[in-house]
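Enquirer: Would you be able to build a 3D model of this:
(one chain, ligands or ions: 1)
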Amino acid sequence: MSSASRGNQEKGPVTITRLAEMKAAGEPIVMVTAYDFPSAQIAEEVGVDIVLVGDSAANCVLGYDSTIPVGMEEMTMLAKAVRRGLKTPLLVGDLPFGSYEASNELAIASAQRMVKESGCDAVKLEGGGTSVDRAKAIIDAGVPVMGHVGLTPQTATALGGLKAQGRTADKAVRVAEDAISLDRAGCFSIVIEAVPQAVAEMINDRLTAPTIGIGAGNVTSGQVLVLHDLAGINTGKMAKFVKQYADVRGELKRGLSAYAGEVRSGAFPGPEHVYSVEPSELDELRQRLSRENSGSDYSWDWEPLP
Ligand code: KIV
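Expert: Modelled structure (predicted):
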């Protein structure tokens, strides 16, 4: 493991208490999304602190054009796969749009389902207002909740699109009130998305819970990015706050093109990719096949390949 990817494995599984200690010590919290088993294994190996099975899976792996259509069934299936690859980071499952807004009962049922079926340690939900009541109800029912304020993609249409929030005093006060209410409701952490750094700083200073920023500058207790954005798997116009650290899509394209080229040219498979067989076994096979072709009722005696 490189020094840039210091692990947290030696300290054991990341807990909510550990996150609070990290905030107190000014130790940045690293959070990333993951939607499948290999990505979870990589997050484990690198030693991130929190893995979020974000509803951004809707866009990143399910091909929807927003996070609105993804449902509990899909989210729990993805979260289960992530759980299998993860031991140390805290695992948070996003509650998808429509799974918690209507009532506290629905919110509790969805949160408990996410935790029971997928093995997530906590859930995340978006927004203030009634979401604060939902968060409190879920917490009272025994499931830790991460809040999410600022740009909340599930309600982006109502917010005027996928754009920065809190850029006027009026609007910033609303973001701050949402964050403070979620903090008071007992959220163990709060994501602040797409808010000017100076605004995020004022909000951050008023909260007890560790904050995780995405497009909120470097004033929060930690940072989150969508794995497919930072790894260069997603294409197209990226949000201002995205930094691309790798070109996984380019690498995959290079590999797949090379494979296709070699299949078409006959270069693959090469001698190193084929199984061998003893000449005596081949001779016997030839004899048996010729008896078969000559119409005998000889029965086949297949053995499984090694
Ligand atoms: O769904 C998601 O990926 C998120 C993060 C961007 C915080 O909510």
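
Enquirer: residues touching the spatially most central residue of the chain, list them.
Expert: The central residue of the chain, meaning the one whose C-alpha is nearest the mean C-alpha position (Cα atoms, centre = their mean), is residue 34 at 2.3 Å. Applying Cβ atoms under 8 Å, 6 or more residues apart in numbering to residue 34 gives the contacts 40, 42, 43, 51, 52, 53, 82, 85, 86, 227. For the C-beta atoms, the positions are set from N, CA and C on the backbone; glycine is no exception.

Enquirer: Residue 191 too?
Expert: 124, 146, 147, 148, 149, 150, 211, 212, 213, 214, 224.

Enquirer: The closest residue to the ligand within the chain - how many residues pack around it?
Expert: When distances are taken as Cβ to the nearest ligand atom, the chain reaches nearest to the ligand at residue 54, 2.4 Å away. Number of residues near residue 54 (other Cβ atoms under 10 Å) recorded here: 29.

Enquirer: per-domain residue ranges of the chain.
Expert: The record's domain split for the chain, according to automatic domain parsing, is 3-250, 262-294.

Enquirer: most neighbours per residue, which of those?
Expert: Neighbour counts averaged per stretch over these are highest for domain 3-250, at a mean of 19; criterion: mean count of other Cβ atoms under 10 Å.

Enquirer: returning to what we had before: tell me which of the contacts of residue 191 fall in helices.
Expert: With DSSP state H as the criterion, helices contain none of these.

Enquirer: any idea which of those residues is closest to residue 168?
Expert: residue 150 (13.5 Å; Cβ to Cβ).

Enquirer: Quick check: the closest one touching residue 166?
Expert: Yes: under the criterion of Cβ atoms under 8 Å, residue 150 is in contact with residue 166, at a separation of 6.2 Å.

Enquirer: Please list all residues in contact with the closest residue to residue 35 other than its chain neighbours.
Expert: The spatial neighbour of residue 35 that comes closest, neighbours along the chain excluded (Cβ to Cβ, 6 or more residues apart in numbering), is residue 57 at 4.4 Å. By Cβ under 8 Å, 6+ apart, residue 57 lies in contact with 33, 35, 70, 74, 75, 78.

Enquirer: TSV for the domains of the chain, including distance to residue 256 and mean pLDDT?
Expert: TSV is the format used below for the domains of the chain (distance: least, Cβ to Cβ, whole Å; pLDDT from 0 to 100):
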stretch	distance to residue 256	mean pLDDT
domain 3-250	11	95
domain 262-294	11	93
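
Enquirer: Get me the contact residues on the stretch 201-306 of the chain for the ligand.
Expert: Where the stretch 201-306 of the chain comes near the ligand, counting by Cβ under 6 Å from any ligand atom, the residues are 214, 224, 226.

Enquirer: redo that, cut-off 5 Å
Expert: In this structure, the stretch 201-306 of the chain approaches the ligand at residues 224, 226, judged by Cβ under 5 Å from any ligand atom.

Enquirer: Tell me where the stretch 201-306 of the chain has strands.
Expert: For the stretch 201-306 of the chain, the strands identified by DSSP state E, counting those that start in this stretch occupy 211-214, 222-225, in order along the chain.

Enquirer: that older thread, contacting the ligand as well, which ones from the contacts of residue 57?
Expert: The overlap between the contacts of residue 57 and the neighbours of the ligand (Cβ under 5 Å from any ligand atom) comes to residue 33.

Enquirer: Which ones among the contacts of residue 57 map onto helices?
Expert: Applying DSSP H to the contacts of residue 57, the entries found in helices are 74, 75, 78.

Enquirer: Now do the contacts for the first one.
Expert: Just to be clear, that refers to residue 74. By Cβ under 8 Å, 6+ apart, the contact set of residue 74 is 57, 62, 96.
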